[in-house]
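>>> Any chance you could fold what I've pasted below:
(2 chains)
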Amino acid sequence: DVKVTQSSRYLVKRTGEKVFLECVQDMDHENMFWYRQDPGLGLRLIYFSYDVKMKEKGDIPEGYSVSREKKERFSLILESASTNQTSMYLCASSLGQGDGYNEQFFGPGTRLTVL
Amino acid sequence: AQSVTQLGSHVSVSEGALVLLRCNYSSSVPPYLFWYVQYPNQGLQLLLKYTSAATLVKGINGFEAEFKKSETSFHLTKPSAHMSDAAEYFCAGHRPVGGATNKLIFGTGTLLAVQP
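Numbering: from 1, shown residues only, chains lettered A, B, ... in the order given. A predicted model of the protein is given here:
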């Protein structure tokens, strides 16, 4: 059974803290993605990675950074957490080859609250 | 700009009634389109995808969607709703960008309620 796992289901942090969200996939996928999900806004892409140590900004990268040192692991970093980063964070992965028809597989999400 | 639009943020149906969730896309290239379902406190799960092989696509749990190029639509249907179908549904389209593949653009979601 293919799996994308995220390190925490719920996380509460304080303003200014550095926050790490971890994602691991066991499908040997090349692509990995980080989204945030907010009511009425759907999913918005923060960053994605198409190979180890390769990354590209998505639509809302401000305030975030990422790290991909190993193929199976993709980390999202909030350098200095702020209250407007309170959200549901979803990690996903997909095969790299193909012309866009490969679906993305999602983790269960991390609900982050910044106080 | 490419976009995916879901009409209706909330849809309520009675158990046993037809489910129709609407999705329209705008794109200048042949699209790959997806429907995902999200149950409470879970990640997204693929229901079905359109990859130009057939315009009527069947997915899991009795759902299907029809790609209509003339209407730029990819509406999701199920003949008879079940209580377990209550969830949020997202339509997504492939967003081709030079170089990297498999980026998706998501609609804002439709929350389906099923009344007994």
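>>> Get me the contact residues on chain B for chain A.
Remark: the part of chain B in contact with chain A comprises B:9, B:32, B:34, B:36, B:41-46, B:49, B:51, B:90, B:94, B:96, B:100-104, B:106-109, using CB under 8 Å from any CB of the partner chain. All C-beta atoms are positioned from the backbone trio N, CA, C, and that covers glycine.
>>> are any of those buried, and which?
B:32, B:34, B:36, B:43-44, B:46, B:49, B:51, B:90, B:94, B:96, B:100-104, B:106-109 (16 or more other CB atoms under 10 Å in any protein chain shown).
>>> who's in contact with residue 66?
Went with chain A since none was named. A:Val66 sits next to A:34, A:46-47, A:49, A:55, A:74-77 when contact means CB atoms under 8 Å, 6 or more residues apart in numbering or on different chains.
>>> not what I meant, chain B
Remark: with contacts taken as CB under 8 Å, 6+ apart, B:Glu66 is in contact with B:55-57, B:73-75, B:77.
>>> Same check on B:Tyr89?
B:6, B:21, B:35-38, B:47, B:76, B:109-112.
>>> Recalculate using a threshold of 7 Å.
B:21, B:35, B:37, B:76, B:109-110, B:112 (CB atoms under 7 Å, 6 or more residues apart in numbering or on different chains).
>>> and what of A:Asn31?
A:Asn31 neighbours (CB under 7 Å, 6+ apart): A:48, A:50, A:93-94, A:96, B:102.
>>> what's the nearest residue to it if we skip its chain neighbours?
Nearest residue to A:Asn31 in three dimensions, chain neighbours excluded: A:Ser94, at 4.6 Å (CB to CB, 6 or more residues apart in numbering or on different chains).
>>> shouldn't that neighbour be in contact with A:Phe106?
No - using CB atoms under 7 Å as the test, A:Ser94 is too far from A:Phe106 to be in contact (10.1 Å).
>>> From the contact counts, what lies against the longest strand seen in chain A?
Secondary structure of chain A read by DSSP state E shows that its longest strand is strand A:42-51. With contacts defined as 3 or more CB pairs under 7 Å, 6 or more residues apart in numbering or on different chains; DSSP states H and E, the packing partners of strand A:42-51 are strand A:31-38, strand A:54-57, strand A:64-70.
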